[in-house]
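1. sequence unknown, structure follows:
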């Protein structure tokens, strides 16, 4: 666990975006080498904690800015524009703060929001490896000492866990009689100090991209959890919600950030490239065929960026007037943005080499990190299933299901 920083108190949206732009530039400067050597970003994460950006979604009644989704989406995009790995680290932080807002008792909200305002970072421990389906948690919480629980299990892809002050663990709620939890078993989330007895965080993430997210394994061996550190999770989806839409919006923003970052890098590479001899021009930027490539890519990337902004607006609108219809519209808008963002990130990360020519393909330049980050992150949620839900909604008005990936 890293040392908790004293966070800046952000007082306006303009200040938040200015801080995010500054961090984006700082992150970009070291992104190539961090990726090349898998240099885990301990100091950059400390800067993120200190920046105050982790407090943006804290409700105003608890001393936060209560920033809208439009602002948070742009913050994620800016951070990913600089370094997609660093942008992914706070994803679960904001997602589980939303769970706390929806399901936490006031005393729980007051306690954990105060920690966040003081600079705490939350990280996830929710995904598990098969053979069971991804919506089954074999990790369980069972009654322990009076007023508490014991938490046992193993989690993978626990992004940011090495840097976290608190781990948020999704688990099946059991009375001890369950042999094998199922998808219908009630789920809770438990807030656990990262240095609690029985917790082990292993740095074993070896992805080809997103190499410095510290998405390793968390093992939990009879970890004692007070009752007031546990909140319901299954209940979030019992009524219309934008919980999943918000979580997916942050993922879409990371993909758009990869796309805008790759486009900007492609422009820099084109400025250094030699023109094709048949073009008869002095610079690559004057080559009419390359101009067309740049134009096509710009339309793709800016289109994804616009869809991201529109989806964020629909999430804010749905949260202000939450019904089954507004929640469905928001989820479909986010799904549409996510599909466009994934396509834009992959295309921009590939086309930047066309803009830069052969010299852009050197190992020392490490520009392959854009494609590797895009390909790795876009695997997070299957866009083919988002297209299914988008198509059904378009043709028949069928609302999408309620879960954390829509």
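-> Sure, I can see it. Please read these numbers as outputs of a predicted model, since none were measured by experiment.

2. any idea which residue of the chain is furthest from its center?
-> Within the chain, residue 280 marks the point farthest from the mean C-alpha position, 45.5 Å out by Cα atoms, centre = their mean.

3. Count the residues that sit near residue 320.
-> A total of 9 residues lie near residue 320 under the criterion other Cβ atoms under 10 Å. Heads up, the C-betas are built off the backbone N, CA and C, glycines and all.

4. Would you list the phi and psi of it?
-> Torsion angles at residue 320 (phi, psi; degrees, to the nearest 10) stand at phi -80, psi -20.

5. now it: how far from residue 69?
-> 11 Å (Cβ to Cβ, to the nearest Å).

6. next one: residue 122
-> Distance, residue 122 to residue 69, using Cβ to Cβ: 18 Å.

7. quick one: the helix or strand encompassing residue 252 to chain centroid distance?
-> Taking DSSP states H and E as the definition, residue 252 sits inside helix 243-272. Counting by Cα atoms, centre = their mean, to the nearest Å, helix 243-272 is centred 12 Å from the centre of its parent chain.

8. Over to stretch 117-130?
-> Stretch 117-130 sits 11 Å away from the centroid of its parent chain (Cα atoms, centre = their mean).

9. what do you get for stretch 342-352?
-> Relative to the centre of its chain, stretch 342-352 is centred 19 Å away, using Cα atoms, centre = their mean.

10. State the mean pLDDT of that stretch.
-> Averaged across stretch 342-352, the pLDDT comes to 98.

11. what's in contact with it?
-> 255-256, 258-260, 262-263, 265-266, 269, 293, 297, 300-301, 303-305, 360, 367, 370-371, 373-375, 377-378, 383 (Cβ atoms under 8 Å, 6 or more residues apart in numbering).

12. before we move on, back to that, what does the pLDDT read for the residue farthest from the centre of the chain?
-> Value for residue 280, per-residue pLDDT: 96.

13. same question, residue 130
-> Listed pLDDT for residue 130 reads 82.

14. can you count the residues close to it?
-> Here the number of neighbours of residue 130 (other Cβ under 10 Å) works out to 7.

15. Please report the distance of residue 74 from residue 331.
-> In this view, residue 74 and residue 331 are 20 Å apart by Cβ to Cβ.

16. between these two, which one's more packed in?
-> Counted by other Cβ under 10 Å, residue 74 and residue 331 do not tie: residue 331 has more neighbours, with 34 against 23.

17. That one: helix or strand, and which one exactly?
-> helix 324-356.

18. any chance you could map the helices in the stretch 1-150 of the chain?
-> For the stretch 1-150 of the chain, applying DSSP state H, counting those that start in this stretch gives helices covering 13-37, 42-51, 69-82, 84-88, 91-103, 106-117.
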